[in-house]
Structure formats: structure tokens, C-alpha cells
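Peer 1: Build me a model:
(one chain, ligands or ions: 2)
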Amino acid sequence: MNRQEIDALVKKMNVDTATSPVDERVQQIVVRLLGDLFHAIEELDIQPSEVWKGIEYFTDAGKANELGLLAAGLGLEHYLDLRSDEADAKAGIKGGTPRTIEGPLYVAGAPESVGFARMDDGSESDKIDTLIIEGTVTDSEGNILPNAKVEIWHANGLGNYSFFDKTQSDFNLRRTIFTDTDGKYVALTTMPVGYGCPPEGTTQFLLNKLGRHGNRPSHVHYFISAPNYRKLTTQFNIEGDKYLWDDFAFATRDGLVATAVDVTDAAEIERQGLNKPFKHITFNAALVHEKANATSSEVDRRRASA
Ligand code: MBD
Ligand code: FE
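Peer 2: Ligands and ions are numbered 1, 2, ... in the order given. This next block holds a predicted model:
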């Protein structure tokens, strides 16, 4: 079939058949995507068995709750970031800390505190390095923002995230810290290890077909928000990890690379109330003012909560 015949067929089947009120936006998107799919089937001569393999793939990926992971791995989530950057530029929004993907592993409802939180439950203290993260939240002109909401989440020493990994305690390595009167937050935690897709999972299955790995560098996620400022979704990725610039989810960006500095000075270790050398990361963040003509900085997506 040629393109016009395909487009006419899609319209005949999914537009002309409407007998009750239509969601115009959904109709527009479905007609377009279905048409594009039919065109691809035609041009690539995709066989019926191949179409069913695709449908079965989505069935399996959905059952495994891996579709969010797939969106990250195929670069769809990073592409949306690039579009948001473009939309910001068009709306005259500039400055501030760069955004990068949320990923599929946020959980709402983490314990809240002001200024400081210990994030780990102590179960890995004798196995992995202690990490202290500190930073200041400002506006894009450098004015400090007290009481900004800093939501932080990261993986354990095996690259796994609590809630999704049922061997971890509730909210391990997940906290919400409100900045203090100086705009500062401090997190006492453990060094994250980079995530790898489940080797037998649906995402890795497809990545294998593409000859791709499914690994991320060591990183820490943030949502940072304050009234009248645009919500920032970001992460830092840690210098020295072999996947730093080879992230399967494409989240590493200039301005979001952090250096973990080894602290071995006995007086400093004692000052922190610790009993062994630790690593230290500074991650400051700048929020941009909300703007009337801008697209929303809140992304509406289904998230776990506990
Ligand atoms: C992660 O930890 C992550 O951040 C992303 C984007 C995908 C999978 C696991
Ligand atoms: Fe992550």
C-alpha cells in the first residue's frame, strides 16, 4: 500500500468510526503513531510474526514493570530533556543547574528533615565508603534559598535501590532535606555503585539485540523545588566511573559531574563524628524563577510511593 492509502485506512478505522465524544489530542496522537507504524511495516516489510514479537515484548516488559527502564535505555527520556531545554530557551529561561532524567526509581514519601539527614541504615557501613554530600541551593543569581526542598535518592553498594530491592530497609538511601537558613543541605550516606539493568530482564534483552550494555555510572538523583521556582530534576554522576560518559541512559551532562574527594585527615574525620576516612562531594544547585509563558516543570508520571 502507498502512504495515502495507509493514512486513509487508519482514518477509516479509527476516526470515521467514532460514535461518542472524542479526546481530540489522543485521537491526533493515535492516528499519527498508528500511521507511522503502518508506514514502517510497509517500508521495512515487517512480517506478521515480527509484529507479534513486538507486541509480546511490550506485554512482557509491562508485566516486569520495565517500561520506564526501557524509556531511559532507548534514550527517550534523555530526548525529552533535550526538548525541555529547547522549550526553556524559547521561553527565555536560562541559567540554573542543568536538568537530567529522573529515571524509573523514585519513591515518594521519604523521611523529611531540615539541613541534615543520614540516608543509609548502617547495614553496609563496614563494606563500603561513607559519603558526605553537601551543597547550597541558590537562585540563578546566586541568592541563597533557605527552606528549598531537596529530595535525594541513590543506589546501595550493589547498585540497587530500596523499595525495588526488597532486601533493603524502607526508604534506605532516600531522604527529603529542606535547606537551612543558609540555603545549605548535608547528607551523610554511603557511596553509590552504578546501576546495571537486570541481566535476564526485558530491557537488557533488547539492549543485547542492539549490541548495547545496560550500565550507568555511580550517581545520585535530585528533585529540588521551592515556591515560585521551577522544579529541577537532576543528578550528579561521579568522576572516575568507567561508565561516566558511557551511560546507557545518557544522563551524564556537562555541569553534572561530581568529584568524590577522599578525606583522610584525622581531625576532619573526628569533626564529622566518623571513625574512618570518607568521601566528600559538593553539589550546589541553582533554581530558575517560574515564568508565565513557560511549559510546566512538573512532569506528570506514575511514581511509586511508600
Ligand atoms: C537508574 O538508577 C537510573 O537512574 C536510570 C535512569 C535507569 C535505571 C536505573
Ligand atoms: Fe539512578
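
Peer 1: Backbone dihedrals for the residue in the stretch 51-200 of the chain that ligand 1 sits nearest to, both of them.
Peer 2: Closest residue of the stretch 51-200 of the chain to ligand 1, Cβ to the nearest ligand atom: Gly103 (2.8 Å). Where C-beta positions appear, they are placed from N, C-alpha and C, glycine not excepted. Main-chain torsions, Gly103, degrees, to the nearest 10: phi 80, psi 180.

Peer 1: change the start of the numbering to 25 and stick with it
Peer 2: In the new numbering, first residue 25, that becomes Gly127.

Peer 1: got the contact list for Leu298?
Peer 2: Thr154 (Cβ atoms under 8 Å, 6 or more residues apart in numbering).

Peer 1: Over to it. Which of the three states is it?
Peer 2: At Leu298 the chain is in coil, as set by DSSP: H, G, I helix; E, B strand; the rest coil.

Peer 1: I'd like the distance from the residue of the stretch 75-224 of the chain closest to ligand 1 to Glu148, if you could.
Peer 2: According to Cβ to Cβ, to the nearest Å, Gly127 stands 21 Å off from Glu148.

Peer 1: And the next helix or strand past whichever helix in the chain runs longest?
Peer 2: Secondary structure of the chain per DSSP state H: the longest helix is helix 48-68. Counting by DSSP states H and E, the next helix or strand C-terminal to helix 48-68 is helix 72-87.

Peer 1: That next one - contacts with which helices or strands?
Peer 2: Using 3 or more Cβ pairs under 8 Å, 6 or more residues apart in numbering; DSSP states H and E as the contact test, the elements touching helix 72-87 are helix 91-97, helix 226-233.

Peer 1: got the buried residues for the very next helix or strand once past the last one?
Peer 2: So that's helix 226-233. Where DSSP H and E defines the elements, the next helix or strand beyond helix 226-233 is strand 243-249. By 16 or more other Cβ atoms under 10 Å, the buried positions in strand 243-249 come out as His243, Val244, His245, Tyr246, Phe247, Ile248, Ser249.

Peer 1: so what's the spatially most central residue of the chain closest to, chain neighbours aside?
Peer 2: For the chain, the residue nearest the mean C-alpha position is Glu126 (1.8 Å; Cα atoms, centre = their mean). In this structure, Glu126 finds its nearest non-sequential neighbour in Thr257, 5.0 Å apart by Cβ to Cβ, 6 or more residues apart in numbering.

Peer 1: Quickly run through the sheet partners of the helix or strand where the one you found lies, with directions.
Peer 2: Assigning secondary structure by DSSP H and E places Thr257 in strand 256-262. Strand 256-262 sits in its sheet next to strand 243-249 (antiparallel), strand 281-282 (parallel), going by DSSP bridges.

Peer 1: Residue numbers of the stretch 175-324 of the chain in contact with ligand 1?
Peer 2: Neighbours of ligand 1 within the stretch 175-324 of the chain, by Cβ under 6 Å from any ligand atom: Tyr219, Arg240, Ala273, Ala275.

Peer 1: Next, format the buried residues of strand 243-249 as TSV and append pLDDT.
Peer 2: What follows is the buried residues of strand 243-249, written out as TSV (pLDDT from 0 to 100):
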residue	pLDDT
His243	98
Val244	99
His245	99
Tyr246	99
Phe247	98
Ile248	98
Ser249	98
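
Peer 1: Can you tell me which of the residues you listed is closest to Gly99?
Peer 2: His243 (16.6 Å; Cβ to Cβ).

Peer 1: Next up, the contacts around that closest one.
Peer 2: His178, Pro216, Gly218, Gln259, Phe260, Asn261, Ile262, Ala275, Thr276.

Peer 1: next one: Leu230
Peer 2: Tyr81, Leu94, Gly97, Leu98.

Peer 1: in terms of contact count, name the helices or strands touching the longest strand seen in the chain.
Peer 2: In the chain, assigned by DSSP state E, the strand with the most residues is strand 154-163. Counting contacts by 3+ Cβ pairs under 8 Å, 6+ apart, strand 154-163 packs against strand 208-214, strand 302-306, strand 309-311.

Peer 1: Work out the sheet partners of the second one and label each with its direction, please.
Peer 2: Neighbouring strands of strand 302-306 in its sheet, by DSSP bridges, are strand 154-163 (parallel), strand 285-287 (antiparallel).
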